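In: Turn this into a structure:
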Amino acid sequence: PSNVTLRYYFLATTPIALILLFSLSVFPFMCWIKPSKPFISHDAAIPFTVAMMVGAAAIISGIHEPLYIILLVLGAFAISSNGWLVYEGIRKNHRLPGAYIAHVGLAMLIVGAAVSSAYERKEQVPLPLGETVERFGWKMTYEGKDASQFEMPFHVLVERDGSETAYRMSPRQFELPYGK
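Out: Now for the predicted structure:
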């Protein structure tokens, strides 16, 4: 079994995601055939503006990790640039450019993974029997094990701060036999 943490996978895949998003953003606007035009088309101005607005919104919303902001900006640029080219293709030629739609989907996948990681909060919380522990605005109390229930014998009372509602969770937990 591997002893690699999730942080390793994040650090290993992020440069690949950045290169991929940059490529998805810029390559559609490159003028491959006509060398007399500028290297990058002027059509990129609107998607670039959208990307900068998404970056500003990310900072305002509380994302301060530079890597996540860069991923979001490049993702917004890739989505908006390919989306713009889909719109232009439909408007001018009345046909659907499938490759650009696939690029939008790939960029959305990468941005979705980045956003879910940016807002993720997780922590292992030890719950001593009968004691209430508070994390992330929730109060949790381990009420013990009911040996008569085979499938879900563990019971945890979960309450939201300031709420009248409480939930009794019975998560499935498996005990490994030691020495085997």
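In: so where does E159 fall, helix or strand?
Out: strand 154-160 (DSSP states H and E).
In: Which parts of that strand count as buried, going by neighbours?
Out: Within strand 154-160, the residues that qualify as buried are F154, H155, V156, E159, counting by 16 or more other CB atoms under 10 Å. To be clear about C-beta, it is placed using only N, CA and C from the backbone, and glycine gets the same treatment.
In: Which strands or helices does the following helix or strand past that strand pack on?
Out: Using DSSP H and E, the helix or strand that follows strand 154-160 in sequence is strand 166-169. For strand 166-169, the contact count by 3 or more CB pairs under 8 Å, 6 or more residues apart in numbering; DSSP states H and E identifies strand 154-160 as packing neighbours.
In: And the average pLDDT for the strand it packs on is what?
Out: Per-residue pLDDT over strand 154-160 has a mean of 83.
In: now that strand: how far from the chain's centre is it?
Out: Distance of strand 154-160 from the chain centroid (CA atoms, centre = their mean, to the nearest Å) equals 28 Å.
In: I'd like to know which elements that strand is packed against.
Out: The contact analysis (3+ CB pairs under 8 Å, 6+ apart) places strand 154-160 against strand 138-145, strand 166-169.
In: Buried deepest among those strands, which one?
Out: Ranked by mean neighbour count, these are led by strand 138-145 with a mean of 15 (mean count of other CB atoms under 10 Å).
In: in the strand or helix carrying L72, what's buried?
Out: Applying DSSP H and E as the criterion places L72 in helix 66-93. Residues of helix 66-93 classed as buried under the neighbour-count rule (16+ other CB under 10 Å) are 67-86, 89.
In: same question, stretch 46-54
Out: By 16+ other CB under 10 Å, the buried positions in stretch 46-54 come out as P47, F48, V50, A51, V54.
In: The nearest residue to L67 once chain neighbours are set aside: which element?
Out: Distances taken as CB to CB, 6 or more residues apart in numbering place T14 nearest to L67, at 6.3 Å, with adjacent residues excluded. Counting by DSSP H and E, the element that carries T14 is helix 6-26.
In: what's the next helix or strand after that helix packed up against?
Out: Moving toward the C-terminus from helix 6-26, the next helix or strand (DSSP H and E) is helix 45-60. Taking 3+ CB pairs under 8 Å, 6+ apart as contact, the helices and strands that helix 45-60 lies on are helix 66-93.
In: could you give the angle of the helix it packs on to helix 45-60?
Out: Taking axes from the mean of the first three to the mean of the last three CA atoms, to 10 degrees, one finds that helix 66-93 is oriented at 150 degrees with respect to helix 45-60.
In: After helix 66-93, which helix or strand is next?
Out: Taking DSSP H and E as the definition, the helix or strand that follows helix 66-93 towards the C-terminus is helix 98-118.
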